[in-house]
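Q: Using only what follows, build the 3D model:
(2 chains)
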2 protein chains.
Amino acid sequence: MEFSSKLLEKAVNEMAQLPGIGKRTALRLVLHLLKQPKEQTGFLAQSLLTMREEIRFCKSCHNISDVAICEICSNHNRNHKIVCVVEDVRDVMAIENTGQFRGIYHVLGGKISPIDGVGPSQLNITSLVEKVKSGDVFEIIFALSSTMEGDTTNFYIYKQIKDCEIITSSIARGISVGDELEYADEVTLGRSILNRIPFENSFKNN
Amino acid sequence: MEFSSKLLEKAVNEMAQLPGIGKRTALRLVLHLLKQPKEQTGFLAQSLLTMREEIRFCKSCHNISDVAICEICSNHNRNHKIVCVVEDVRDVMAIENTGQFRGIYHVLGGKISPIDGVGPSQLNITSLVEKVKSGDVFEIIFALSSTMEGDTTNFYIYKQIKDCEIITSSIARGISVGDELEYADEVTLGRSILNRIPFENSFKNN
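A: You can find the predicted model right below:
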């Protein structure tokens, strides 16, 4: 792609570093900014800079937070003995949106993935194991995505805490509500039969 | 969407102002920046700010340029008597990529679109008409997209210059190279038959 301006080229190249944004999309976004008032670009740039510089992570659960201990961890109405282990901040938001969970979270910050060069030491695993060993935890819920990396991470953590006297559980895998059985993959459908639940439970919490 | 941090929320909201970027995508992009070194966010923000502040438009063709007269307009090897009228900078880049055009451009900066509140006065039409009336132009090629707005804009300009002694032409509409006839829409196929070309011309410039 040949650009008529170095400034434009630089902005497009920086924009195209973002995941899922190719050069064509980046050009479209940058040209959009050029058509808008200068303030919009200023606000965007400033909010990104401020966020990157000043954002903090909760010391307890590693969720993104503006304060040292996040709102969820400092809420005494929540059950601090039930810890839901998730991959990142988006998972916390997704589970919070359901309104079904009143425990606290532990954000790992990723999954063990040798291909991407992510080992256990880069994730917030040590602090989770310490939390469990301190005896404050009653149940750990694994809520990582059900992929090779997710399963590996689950198992790595499980091995380190399996001797502690706690309950470990995993979120249920099965057919999504509203999905047609015939389009479900075999592994999901198979698991949903093996891990079937009492019928009375199936219409709770709708 | 509930955010655990105001800084995060602000960055996501600013990002989601960009066209085609929803809140979920914005969150994914912002969380990606958080995982990268701080410099990356700095480079992105700075390149956007610098571009928005310092970018200029060619005084002759209104293309984006770092100098007062762009490279294309200041190139004496190009034919300054043939002017290709396009909507925006991306169209200049697309036509330049073909390597088939050695004239100069005139970038309108949009199309007449009453629905979007864009009238002729917001586009670079006056300077084009002046250029034609000054007698420096031999041929005008209309290369706007073939939509209601594009056709309206073409016709608006055509009405103002039709008494000048110049050639006006439009880029050819027809079946794309490599396309199957059976999938072509009727208007395109109909026009490609009406505006058929001598067979010898059909394998030129491949």
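Q: Might you report the residue contacts of the nearest residue to A:Asn97 once chain neighbours are set aside?
A: Distances taken as Cβ to Cβ, 6 or more residues apart in numbering or on different chains place B:Glu2 nearest to A:Asn97, at 7.3 Å, with adjacent residues excluded. Any C-beta I mention is one placed from the backbone N, CA and C, and that applies to glycine too. Counting by Cβ atoms under 8 Å, 6 or more residues apart in numbering or on different chains, B:Glu2 makes contact with A:93, A:96-97.
Q: helix or strand for the residue nearest to A:Lys111 when sequence neighbours are not counted, which one?
A: Distances taken as Cβ to Cβ, 6+ apart put A:Glu149 closest to A:Lys111, at 4.0 Å, once the chain neighbours are dropped. Counting by DSSP states H and E, the element that carries A:Glu149 is helix A:148-161.
Q: next structured bit after that helix?
A: Following helix A:148-161 in sequence order, the next helix or strand is strand A:167-170 (DSSP H and E).
Q: Sort out which residues of that following strand are buried, please.
A: Neighbour-count burial for strand A:167-170 flags A:168, A:170 (criterion: 16 or more other Cβ atoms under 10 Å in any protein chain shown).
Q: ok, residues contacting the helix or strand that that strand is followed by?
A: Downstream of strand A:167-170, the first helix or strand assigned by DSSP H and E is helix A:186-194. Helix A:186-194 is contacted by residues A:173-175, A:181, A:184 when judged by Cβ under 8 Å, 6+ apart.
Q: want to throw those into a markdown table with distance to B:Leu108 and pLDDT?
A: As requested, these are exported to a markdown table (distance: Cβ to Cβ, whole Å; pLDDT from 0 to 100):
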| residue | distance to B:Leu108 | pLDDT |
| --- | --- | --- |
| A:Arg173 | 55 | 85 |
| A:Gly174 | 56 | 86 |
| A:Ile175 | 53 | 86 |
| A:Leu181 | 55 | 85 |
| A:Ala184 | 52 | 86 |
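Q: By residue count, tell me the biggest helix in chain A.
A: Looking across chain A with DSSP state H, the single longest helix is helix A:38-54.
Q: Quick check: the most centrally placed residue in chain A vs B:His32, distance?
A: Centroid-nearest residue in chain A: A:Asp88, 2.4 Å away (criterion: Cα atoms, centre = their mean). In this view, A:Asp88 and B:His32 are 11 Å apart by Cβ to Cβ, to the nearest Å.
Q: same thing with A:Asn195?
A: The spacing between A:Asn195 and B:His32, counted by Cβ to Cβ, is 34 Å.
Q: Need the three-state assignment for the closest residue to A:Thr25 other than its chain neighbours.
A: When the adjacent residues along the chain are set aside, A:Thr25 lies closest to B:Gly20, with 7.3 Å between them (Cβ to Cβ, 6+ apart). Under DSSP: H, G, I helix; E, B strand; the rest coil, the three-state class of B:Gly20 is coil.
Q: Give me the phi and psi angles of A:Asn77.
A: Dihedral pair for A:Asn77: phi -80, psi -10, per degrees, to the nearest 10.
Q: Check A:Lys81 too.
A: Note on A:Lys81: backbone dihedrals following degrees, to the nearest 10 are phi -90, psi -10.
Q: which ones are touching it?
A: A:103, A:136-139.
Q: Using CSV, please lay out these together with secondary structure, pLDDT and neighbour count.
A: Converted to CSV, these look like this (DSSP: H, G, I helix; E, B strand; the rest coil; pLDDT from 0 to 100; neighbours: other Cβ atoms under 10 Å in any protein chain shown):
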residue, secondary structure, pLDDT, neighbour count
A:Gly103, strand, 94, 18
A:Asp136, coil, 88, 12
A:Val137, coil, 92, 22
A:Phe138, coil, 93, 14
A:Glu139, strand, 94, 14
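Q: could these go into JSON lines alongside distance to A:His76?
A: Output for the contacts of A:Lys81, formatted as JSON lines (distance: Cβ to Cβ, whole Å):
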{"residue": "A:Gly103", "distance to A:His76": "13"}
{"residue": "A:Asp136", "distance to A:His76": "14"}
{"residue": "A:Val137", "distance to A:His76": "17"}
{"residue": "A:Phe138", "distance to A:His76": "16"}
{"residue": "A:Glu139", "distance to A:His76": "18"}
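Q: Please consider this matter closed, and thank you.
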